[in-house]
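Engineer: Provide a 3D model corresponding to the input given below.
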Amino acid sequence: ISSKEFTWRLMASGCRRIVPGQFLASDPKGRAVMIGAIEKQKLVYVFNRDASSKLTISSPLEAHKASTIHFSIVGVDVGFDNPIFAAQ
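Structural biologist: Numbering: from 1, shown residues only. Take a look at the predicted model:
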C-alpha cells in the first residue's frame, strides 16, 4: 500500500516537449528520481532521511543536455555508488 508523501507542482502548462514530466525513472535503491522531458531537460531529485527518519527531498538538480530527444529514461543499478541514469 502506498501513501502520498509530497505533492509537487512541476509546470502549469501540461505536457510539452521541453517541460519535464513525460519520463520518470527511479534509482533501483530508491535514492533518487529523474524526471525528464522529450527534449533536452531533465531534473534529478535526491531523497534523504533526517535524524527522525522523515523523508526529505533535495532541490532539483539540472541534468540537461542540448540537442537531444529522449525516448526512454532508466535508473542503472550501480550498487552503492552514486545513482546513475541512462537516457536514450
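Engineer: quick one: contacts for Ser3?
Structural biologist: Residues near Ser3 by Cβ atoms under 8 Å, 6 or more residues apart in numbering: none. Any C-beta I mention is one placed from the backbone N, CA and C, and that applies to glycine too.
Engineer: sorry, wrong one. I was asking about Gln41.
Structural biologist: So Gln41 contacts 18-20, 62, 64 (Cβ under 8 Å, 6+ apart).
Engineer: so which of those residues wins on neighbours?
Structural biologist: Pro20 (22 neighbours; other Cβ atoms under 10 Å).
Engineer: for that one, give me the pLDDT.
Structural biologist: You'll see Pro20 listed with a pLDDT of 81.
Engineer: ok, Val44 next?
Structural biologist: Per the predicted model, pLDDT is 90 at Val44.
Engineer: ok, it - how many residues close by?
Structural biologist: Neighbours of Val44 under the rule other Cβ under 10 Å: 18.
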